[in-house]
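>>> below is the structure, and that's it, no one-letter string:
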């Protein structure tokens, strides 16, 4: 990270530590999650999906029911409260699928903050609905024309804004990436997903899960969902990356499958880059997963083999969108559908008395155009 | 390479700053390796030297230059498309060394360096005749391996101080730096600034730098467009750095006839000021 950001990151770390130990901050945060976001989100038994596979019982953690339609708001609200405590008046964020952008714009509207969202030009095309939502919420969406015109470049542009306006601006990063303390902070604002799941399973099943599945781009929903279960070695966890047209092709976002260690946006993690260290363009049909890096904590959990990571192709994910819509009456986001698609591989290996929980990280309304184009063959 | 040769090499940067008139400012120019094309870089650098440049910062292009503004982003993209590689950069430096002793500092982001391998990178850089390194996204906390390896290869490692660096931090950066300290005149990315945006805020910052950075010479950069800017901004430092404005100049002339001559006359004017206005 550039020298200009070092004092800012130190200041942020101190402010975050203070907030974490401040009962008033915690109360305000959890009150907002309850009264504004709509937490706790439900844990739904997916009966017809369970019957479809005829093996383990499948539950869905319903982050799609959060206000704004995805888990991203947990973190946006948390970081916004922190920004307010630090006296910042202007908020910036990057967004891929637009869910983090919408969540940030929402939090800014609720608290009356100026909000600028950086979004790749290609993503703005793919996620038009979310662009309009952000506009209506009062945010300025700035189109990013550099590089691949997707999430990576939107992040570059947000960082450039940040180094220029460090005095008054807070950067709300949307995933567990970026420089310390962001990955830790974002994880902690999403831990509520896993904590609720644990309690809810205990209440309905009297026990914990056997398998947890979540999709991974940068990895925020996955880490929030997995983290409270990490100490429990009986719980197997699987993070699902987007392998695009296939991890063996150059149109992929399967960072842990084929990436090597590298530094992007202030974290050392796995990265898709060529032998010169130039970052490669990631590809996925889902705008929220085509990031060429991954959160450093996922890299660690991959190396220690505590969590396993697999790639799911565009086609497999799109089939899962259809299956989940038809079997459960839930249209999942294409990102989320990657996690569902892995059920095809996992379920035959499970037993009837086992429990699988899929983190249903977001709903698919934003993806309707991509989905209908795909199934109409255009 | 013998110890004597290595010793001689590291002194290139130092000797530039020695025995100078207080008002004679060192001019350092930044150029992206492989921009505007692979074949021009060496000739450009030799021409810069002839026209008043005393230090060269040779940019190692990176796909995601997040501390750079649009101009250097553009030049980096062109260079990557032209097929620039780290080995090609080392070859360029070796080529320059056949006829020039101008100090050359490689400037770029940490990922390509890590990918190349820090040991191998520093060794090759030193062998080809590089004098120092500037890695703006690797602050002192994250550079212990690089610092050690650079030192072992007699490469200077130049760190940046910014307007929001505290006094304590400036002292620490001075301690870790060798060659010179790069003073970032404004918060923000690289790129030429409009009006007196830079001059206004820079004075207090430079006063603070002078109080805290005492071991190393100080070079100031970011936002300098012309000789007048340079003169004002570098008043209380040892010299100034121009990057984006130089690349903008190349961009405006390339590939017209005599583009290099026009660029060189821009360089001459940066250093000495006026006499004849350049016609585009």
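The structure has been received and is ready for your questions. Please read all numbers here as calculations on a predicted model, not as lab measurements.
>>> mind listing what the residue sitting nearest the centre point of chain B touches?
The residue lying closest to the centre of chain B (CA atoms, centre = their mean) is residue B:57, at 3.0 Å. Shown in contact with residue B:57 (CB atoms under 8 Å, 6 or more residues apart in numbering or on different chains): B:28, B:29, B:30, B:31, B:105, B:106, B:107, B:134, B:241, B:243. Backbone N, C-alpha and C define where each C-beta goes, glycine included.
>>> what is it paired to in the beta sheet?
With DSSP bridges as the criterion, residue B:57 is bridged to residue B:30, residue B:105.
>>> could I get the pLDDT score of it?
Predicted confidence (pLDDT) for residue B:57: 98.
>>> do the same with residue A:62
We have a pLDDT of 98 for residue A:62.
>>> any part of the lowest-mean-pLDDT helix or strand in chain A near chain B?
One helix or strand of chain A scores below all others by mean pLDDT, DSSP states H and E: helix A:121-126, with a mean of 89. No: judged by CB under 8 Å from any CB of the partner chain, helix A:121-126 makes no contact with chain B; its nearest approach is 15.1 Å.
>>> give me the number of residues near residue 37?
The chain I'm using is chain A. When counting by other CB atoms under 10 Å in any protein chain shown, one arrives at 23 neighbours for residue A:37.
>>> sorry, I should have been clearer: chain B.
Applying other CB under 10 Å, I find that residue B:37 has 13 neighbouring residues.
>>> again, but for residue B:39
11.
>>> same question for the one 3 residues further on.
Residue B:42: 19 surrounding residues under other CB under 10 Å.
>>> my read: it touches residue B:94, true?
No: the pair residue B:42 / residue B:94 is not scored as a contact, 9.6 Å apart, by CB atoms under 8 Å.
>>> just to revisit the earlier point, check which residues of the least confident helix or strand of chain A are buried.
Buried residues in helix A:121-126, counted by 16 or more other CB atoms under 10 Å in any protein chain shown: A:122, A:123, A:124, A:126.
>>> which one of the residues you listed is nearest to residue B:112?
Closest approach to residue B:112 among the buried residues of helix A:121-126 (CB to CB): residue A:122, at 25.2 Å.
>>> so which residues of the stretch 51-200 of chain B form strands?
Applying DSSP state E, counting those that start in this stretch to the stretch 51-200 of chain B gives strands spanning B:55-60, B:104-108, B:132-134, B:156-157, B:160-161, B:181-184.
>>> put together CSV for those, with distance to residue B:143 on each row.
Below are those laid out as CSV (distance: least, CB to CB, whole Å):
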stretch, distance to residue B:143
strand B:55-60, 16
strand B:104-108, 14
strand B:132-134, 10
strand B:156-157, 7
strand B:160-161, 12
strand B:181-184, 14
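>>> mind checking how far the residue of the stretch 151-280 of chain B found nearest chain A is from residue A:60?
Nearest residue of the stretch 151-280 of chain B to chain A: residue B:188, at 3.9 Å (CB to the nearest CB). Separation of residue B:188 from residue A:60 (CB to CB, to the nearest Å) stands at 45 Å.
>>> which ones are touching the nearest residue to the residue of the stretch 151-280 of chain B closest to chain A once chain neighbours are set aside?
Residue nearest to residue B:188 in three dimensions, not counting chain neighbours: residue A:164, with 3.9 Å by CB to CB, 6 or more residues apart in numbering or on different chains. Contacts of residue A:164 were listed using CB under 8 Å, 6+ apart, and they are B:187, B:188, B:189.
>>> what residues does chain B put near chain A?
B:62-67, B:69, B:73, B:80, B:85-86, B:109-116, B:136-137, B:139, B:141, B:159-166, B:169, B:173, B:184, B:187-189.
>>> low pLDDT regions in chain A?
Regions of chain A meeting the criterion pLDDT under 70 cover residues A:378.
>>> enumerate the residues of it near chain B.
So chain A meets chain B at A:1-4, A:6-8, A:146-147, A:152-153, A:156, A:159-160, A:163-167, A:261-266, A:271, A:273, A:275-279 (CB under 8 Å from any CB).
>>> weed out the non-buried ones from those.
Buried among these by 16+ other CB under 10 Å: A:1-4, A:6, A:8, A:146-147, A:152-153, A:156, A:159-160, A:163-166, A:262-266, A:271, A:273, A:276-279.
>>> mark which of these are part of strands, please.
If you go by DSSP state E, these have A:262, A:263, A:264, A:271 in strands.
>>> list the residues that contact the second one.
Meaning residue A:263. Counting by CB under 8 Å, 6+ apart, the residues that residue A:263 touches are A:271, B:109, B:110, B:111, B:114, B:137.
>>> nearest spatial neighbour of the first one, chain-adjacent residues omitted?
To tie it back to what came earlier, the one meant is residue A:271. The shortest distance from residue A:271 to any non-neighbouring residue, by CB to CB, 6+ apart, is to residue A:262 (3.2 Å).
>>> shouldn't the one you found be in contact with residue A:274?
No: using CB under 8 Å, residue A:262 is not in contact with residue A:274; the gap is 10.4 Å.
>>> ok and the residue in chain A nearest chain B?
Counting by CB to the nearest CB, chain A gets nearest chain B through residue A:277, at 3.3 Å.
>>> can you tell me what sits against the helix or strand residue A:269 falls within?
According to DSSP states H and E, residue A:269 maps onto strand A:267-271. For strand A:267-271, contacts defined as CB under 8 Å, 6+ apart pick out A:177-180, A:183, A:255-256, A:259-264, A:279, A:292-296, A:298-299, A:302, B:111.
>>> got phi/psi on residue A:342?
phi -70, psi -20 (degrees, to the nearest 10).
>>> give me the number of residues near residue A:52?
Each residue near residue A:52 was counted by other CB under 10 Å, and the total is 16.
>>> list the contacts for it?
Applying CB under 8 Å, 6+ apart to residue A:52 gives the contacts A:323, A:327.
>>> how far away is it from residue A:43?
Where residue A:43 is concerned, residue A:52 sits at a distance of 19 Å (CB to CB).
>>> leaving out sequence neighbours, find the closest residue to residue A:42.
Distances taken as CB to CB, 6+ apart place residue A:62 nearest to residue A:42, at 4.4 Å, with adjacent residues excluded.
>>> so what's the residue count around the one you found?
So residue A:62, with other CB under 10 Å, has 19 neighbours.
>>> before we move on, the earlier item: mind putting the contacts of residue B:57 into JSON lines with pLDDT, neighbour count and distance to residue B:258?
Converted to JSON lines, these look like this (pLDDT from 0 to 100; neighbours: other CB atoms under 10 Å in any protein chain shown; distance: CB to CB, whole Å):
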{"residue": "B:28", "pLDDT": "98", "neighbour count": "25", "distance to residue B:258": "25"}
{"residue": "B:29", "pLDDT": "98", "neighbour count": "27", "distance to residue B:258": "20"}
{"residue": "B:30", "pLDDT": "98", "neighbour count": "23", "distance to residue B:258": "23"}
{"residue": "B:31", "pLDDT": "98", "neighbour count": "26", "distance to residue B:258": "18"}
{"residue": "B:105", "pLDDT": "98", "neighbour count": "27", "distance to residue B:258": "29"}
{"residue": "B:106", "pLDDT": "98", "neighbour count": "25", "distance to residue B:258": "29"}
{"residue": "B:107", "pLDDT": "98", "neighbour count": "23", "distance to residue B:258": "28"}
{"residue": "B:134", "pLDDT": "98", "neighbour count": "24", "distance to residue B:258": "32"}
{"residue": "B:241", "pLDDT": "97", "neighbour count": "29", "distance to residue B:258": "26"}
{"residue": "B:243", "pLDDT": "96", "neighbour count": "27", "distance to residue B:258": "23"}
